[in-house]
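> Structure for this input, please:
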Amino acid sequence: MRRKIFGTASIARRFHLVMTRVGPYAAAASAALILWHAARDRPQPPASSPAPLVYPVSAAAGGTSAAAAPALVTAPLMTQHAGVASTIEVIVGRNDTMDAIFKRMSLDKSDLAAIRNLPGIRQSMDYLKPGDAIRLTHLNDGAIEELSRKVSETQTLKVVRGDDGFAAKLISNPVQTRIRTAAAAIDSSLFQAAETARISDMVALKLANVFAWDIDFVLDIRSGDRFTAVYEQIYQDGKYLRDGEVLAAEFVNDGKVYRAVRYTTEEGASGYYTPEGRPLRKAFLRAPVDFTRVSSGFNAARLHPILNTIRGHMGTDYAAPTGTPVHAAGDGRISFAGVRGGYGKAIVLAHNNSVSTLYGHMSRFAKSLKVGSHVTQGEVIGYVGMTGLATGPHLHYEYLINGVHKNPQTVRLPGAEPLRAESLLKFRDAAAPLLGSLEQPTQAPAAPPIAAARRGPAADE
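Numbering: from 1, shown residues only. The predicted structure follows:
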């Protein structure tokens, strides 16, 4: 009996020892089991409880929520609570259409159809260019609340949903024109001088075009030449957009002073005139192609590089890459177009005043041109090549008066139509203040950053 009691006591002591060691773990396991059951058995929220809002972009710096600013859409929007409007901005891509944008953004196509049916809206809606911005406010179900886009530099289309459906209006965004006068001296090139004076490349190019009939900006420019330009700068809501027209200009080339003033006649034709009212535009371009160099000038006793004989070079060779556009030097009619001996593919234009011009060694002609076609000054008539007897790609250009060859680089070019007497008085009144600005150039208003000026429209700096 005592042996049984002792054995029972021994088992009890061992059981107590085991429970002392295992007990804490068992308690922890029980607590975890209870918590798991509690979490599993938690009642679900009612079906009508709102889901949390999820916006397509994260909160902006400074504590501004994502809901406060429109997002630039690059991916489909995530699901949002129905009834809460979201504003996004879509940038139109290449070959984008409104239908494709609505499909990509899961927007209501019936709303698009309703907007298109508004009077006079369809063209403003559907004419899209890459880079255009479309601002959309919509609900989670894709219903459109508001749509707006800039349809021109000065107008914005805005469509708003009302109780009776959609309504559209054009909002005016007027631009402001400021006048800037800037001057620079040339050290190496026109464009480098323009950059130093914080003048955009576009204005520098327009300046070159103003004096193109009198100055060859490839061959005639010299260090020490200088220029002054009075030109427009276009702003909108205080932001620079782009440069406008050159209103007046002065260019001093090798000591000779050239001046020009822009004037629009009563017929609406704009052009540049000297201070005396003579047109700067000539009836012919000095060079009918954008060339890299003159590879051969006018020479009545030149040794031909291929035939190796003395053979007069009765024109000017302008070296340029194959495919460079060739322009008509003046208004005229095509009297010949085809292969002409050593000239290769050539075109001859007949102009007024018994003048004719020849364009040789072209790679091909412009489409739709044929003998008898009329062309205007600057129109593309063909492309540089090296057909016929040519050692490299270039344009051979000849200028003839009554069939007699003249040096295209030095021949006196006839001017365009002068101003009539009644227009001359109005021109002088309009030109006086602009010529005054050339006398005393200023730098106000300040020019925008040169990088912005080069980008042109939509520069926001």
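
> all contacts plus neighbour counts: C-alpha atoms, from now on.
Fine.

> which element follows the worst-scoring helix or strand of the chain on mean pLDDT toward the C-terminus?
Using mean pLDDT, DSSP states H and E, strand 71-72 stands out as the lowest-scoring helix or strand of the chain, at a mean of 38. Counting by DSSP states H and E, the next helix or strand C-terminal to strand 71-72 is strand 86-91.

> Which elements pack onto that following strand?
strand 71-72, strand 133-138 (3 or more C-alpha pairs under 8 Å, 6 or more residues apart in numbering; DSSP states H and E).

> just flag whichever of those strands has the lowest average confidence.
When the helices and strands packed on strand 86-91 are ranked by mean pLDDT, strand 71-72 comes last with a mean of 38.

> Roughly how far does residue 132 sit from residue 235?
19 Å (C-alpha to C-alpha, to the nearest Å).

> Counting neighbours, go ahead and name the busier of the two.
residue 235 (19 against 14; other C-alpha atoms under 10 Å).

> Could you say which helix or strand holds the more buried one?
Assigned by DSSP H and E, residue 235 falls within strand 226-236.

> elements contacting that strand?
Going by 3+ C-alpha pairs under 8 Å, 6+ apart, strand 226-236 lies up against strand 176-185, strand 239-253, helix 421-439.

> CSV please, covering these and showing mean pLDDT, distance to residue 264 and mean neighbour count.
As requested, those are arranged in CSV below (pLDDT from 0 to 100; distance: least, C-alpha to C-alpha, whole Å; neighbours: other C-alpha atoms under 10 Å):
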stretch, mean pLDDT, distance to residue 264, mean neighbour count
strand 176-185, 95, 17, 20
strand 239-253, 95, 11, 22
helix 421-439, 90, 9, 15
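
> nearest to residue 268, of these?
Each of the helices and strands packed on strand 226-236 has some distance to residue 268 by C-alpha to C-alpha; the shortest is helix 421-439, at 12.1 Å.

> List the contacts of that closest one.
181, 228-230, 247-250, 261, 263, 265-266, 275-277 (C-alpha atoms under 8 Å, 6 or more residues apart in numbering).

> Stretch 359-372 now?
322-323, 333-337, 343-348, 380-390, 393-398.

> And these, which of them are buried?
By neighbour count, with 16 or more other C-alpha atoms under 10 Å, the contacts of stretch 359-372 hold 322, 333-337, 343-348, 380-390, 393-398 as buried.

> show me where this structure has helices.
For the chain, the helices defined by DSSP state H cover 2-40, 98-104, 109-116, 122-126, 190-196, 201-210, 421-439, 450-455.

> List the beta-bridge partners for the spatially closest residue to residue 168 that is not a sequence neighbour.
Counting by C-alpha to C-alpha, 6 or more residues apart in numbering, residue 168 lies nearest to residue 159, which is 4.3 Å off, once chain neighbours are set aside. Beta-bridge partners recorded for residue 159 (DSSP bridges): residue 147, residue 168.

> Pull up the gap between residue 159 and residue 238, please.
26 Å.

> Tell me which of the two has more neighbours.
residue 159 (21 against 10).

> contacting residues around the more buried one?
So residue 159 contacts 115, 146, 147, 148, 166, 167, 168, 169 (C-alpha under 8 Å, 6+ apart).

> Could you dump the residues you listed into JSON lines and include pLDDT, neighbour count and distance to residue 426?
Below are those laid out as JSON lines (pLDDT from 0 to 100; neighbours: other C-alpha atoms under 10 Å; distance: C-alpha to C-alpha, whole Å):
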{"residue": "115", "pLDDT": "92", "neighbour count": "22", "distance to residue 426": "49"}
{"residue": "146", "pLDDT": "94", "neighbour count": "19", "distance to residue 426": "49"}
{"residue": "147", "pLDDT": "94", "neighbour count": "21", "distance to residue 426": "47"}
{"residue": "148", "pLDDT": "93", "neighbour count": "21", "distance to residue 426": "43"}
{"residue": "166", "pLDDT": "94", "neighbour count": "17", "distance to residue 426": "50"}
{"residue": "167", "pLDDT": "93", "neighbour count": "15", "distance to residue 426": "47"}
{"residue": "168", "pLDDT": "92", "neighbour count": "18", "distance to residue 426": "43"}
{"residue": "169", "pLDDT": "91", "neighbour count": "13", "distance to residue 426": "40"}
